[in-house]
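Q: Fold the following for me, if possible:
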Amino acid sequence: MLDDILKYTFLISLLTGMVRMAVPILLAAEGELIAERSGVLNLGVEGTMLIGAIASFLGTYYTKSLLMGVLWGILAGGLLSAVMAFVVTTLKADQIITGLTINIFSAGIALYMFRTAFTGVATQNLPTVTTFSKAPIPLLSKIPVLGTFVFSQHVLTYVAILLVFLIYLFLYHTKYGLILRSIGDNPRAVDMKGVNISLYKYSAVIFGGMMAGLGGTFLTLVIAGIYSPGIVAGRGWIALSLVILGNWNPFTILVSALLFGFLDTFQLQIQAIGINFPYQILVALPYLLTIIVLVIGRRKSGAPLLAGRPYSREES
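A: Coordinates of the predicted model:
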């Protein structure tokens, strides 16, 4: 058993799968990070990923263009989150209820769109689309081991990793990032400076939705090549836990996403080679780690102080 796990092909497959499985939840988590930094807790990530998945699938299926599919997925996620932003920012509705409603609405509308586009389709004859091919980076992909699982990935994987660096630079090295973080902690003080709080919240939530839509797009156009109602499979909720586990920091969220990807791929791999091990333990482990981090590090948490609480100038 141990010999099978230590085989070079097993390890390379494990590491490659780790990166691939981490990307969709990484994209959604980084988007949620931006939304929460503005003080908006968007629990509709799961539904937004689902809308991105169906929109990207239909876009690719009808236009025969992967690029158009990606754009459809991003725009669909942004549009749905614009509704979320309007309800919680302008109408001051409860953010938790709104997010859960978004999830329910998304499940229904995604199924309706699929059934309308493809009548008479069952599980044995699901329509398919061409997926992205791997895009090895010249020279770097030739590096032993590292080049195989890091520099021989899909284009969207490179985009996801690049966005981690860009988000970090934006949050901690730009004036606008400082304002956004301040809004999540003390919107009253920022408002007194004449900053348009609503504009920042709208922008942050819509960006978060576009990232979640891109995460759903990755599932259909990179991993699966098909669409099914259960394709997201709880990854939106995982993304929410990643933000907590990563302590609201882009790079630690990346590490947390890789941990999820590793455990998810590992449990699939050991089942494939016939090892009898309760894989549910591996699946549950990151959630247990999240709880431990919350308990141990609650006083040092990087969470925005007012995330989930609507801001109203009249009530301040």
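Q: Where does pLDDT dip in the stretch 51-200 of the chain?
A: Flagging of the stretch 51-200 of the chain using pLDDT under 70 yields the residue ranges 122-123.
Q: hey, where'd the strands end up in this structure?
A: Secondary structure of the chain, counting by DSSP state E: no strands present.
Q: Quick one: list the elements packing against the longest helix belonging to it.
A: For the chain, the longest helix by residue count, based on DSSP state H, is helix 8-37. Using 3 or more Cβ pairs under 8 Å, 6 or more residues apart in numbering; DSSP states H and E, the elements in contact with helix 8-37 are helix 45-63, helix 146-149, helix 155-173, helix 175-185, helix 197-218, helix 235-245, helix 250-272. In this view, the C-beta of every residue, glycine as well, is placed from N, C-alpha and C.
Q: residues in contact with the longest one?
A: The reference is to helix 250-272. For helix 250-272, contacts defined as Cβ atoms under 8 Å, 6 or more residues apart in numbering pick out 5, 10, 13-14, 17-23, 25-26, 29-30, 33, 161, 164-165, 167-168, 171, 238, 242-243, 245-246, 277, 279, 282-283, 285-286, 289.
Q: Drop anything exposed from those.
A: 10, 13-14, 17-23, 25-26, 29-30, 33, 161, 164, 167-168, 171, 238, 242-243, 245-246, 279, 282, 286 (16 or more other Cβ atoms under 10 Å).
Q: Report how many residues lie close to residue 217.
A: Neighbourhood size, residue 217 [other Cβ atoms under 10 Å]: 32.
Q: you'd agree residue 143 is up against residue 151?
A: Yes - using Cβ atoms under 8 Å, residue 143 is in contact with residue 151, at 6.8 Å.
Q: and these two? which has more neighbours close in?
A: Neighbour comparison, residue 143 and residue 151: the larger count goes to residue 151, with 18 against 13 (by other Cβ under 10 Å).
Q: dump the residue contacts of the more buried one.
A: Contact analysis of residue 151 by Cβ under 8 Å, 6+ apart lists 136-137, 140-141, 143.
Q: Mind doing that once more with 10 Å?
A: Contact analysis of residue 151 by Cβ atoms under 10 Å, 6 or more residues apart in numbering lists 135-143, 157-158.
Q: Same check on residue 229?
A: The contact partners of residue 229, by Cβ under 10 Å, 6+ apart, come to 50, 53-54, 107, 110-111, 114-115.
Q: So among those residues, which ones count as buried?
A: 50, 53-54, 107, 110, 114.
Q: possible to save those residues as CSV with distance to residue 254?
A: What follows is these, written out as CSV (distance: Cβ to Cβ, whole Å):
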residue, distance to residue 254
50, 23
53, 22
54, 27
107, 29
110, 28
114, 32
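Q: From those residues, pick the one nearest residue 74.
A: Of all those, residue 74 sits closest to residue 53, with 11.8 Å by Cβ to Cβ.
Q: surely the closest one meets residue 129?
A: No - counting by Cβ atoms under 10 Å, residue 53 sits too far from residue 129 to count as a contact (11.5 Å).
Q: intersection of neighbour lists for these two?
A: 220-221, 224, 227.
Q: With respect to pLDDT, which of the residues you listed ranks lowest?
A: Here the lowest pLDDT out of those sits on residue 224, with 91.
Q: pretty sure that one contacts residue 130?
A: No - with contacts counted by Cβ under 10 Å, residue 224 stays clear of residue 130, the gap being 11.9 Å.
Q: Between the two, point out the one with more neighbours.
A: Legend: neighbour count by other Cβ under 10 Å for residue 224 and residue 130, higher for residue 224 (17 against 13).
Q: can you count the residues close to residue 138?
A: Other residues lying near residue 138 total 7 when counted by other Cβ under 10 Å.
Q: no no, residue 133
A: Other residues near residue 133 come to 10 when the count uses other Cβ under 10 Å.
Q: Need the phi and psi values for it.
A: The phi and psi values for residue 133, taken as degrees, to the nearest 10, are phi -90, psi 160.
Q: which residues touch it?
A: Residue 133 makes contact with 66, 154-155, 222, according to Cβ under 10 Å, 6+ apart.
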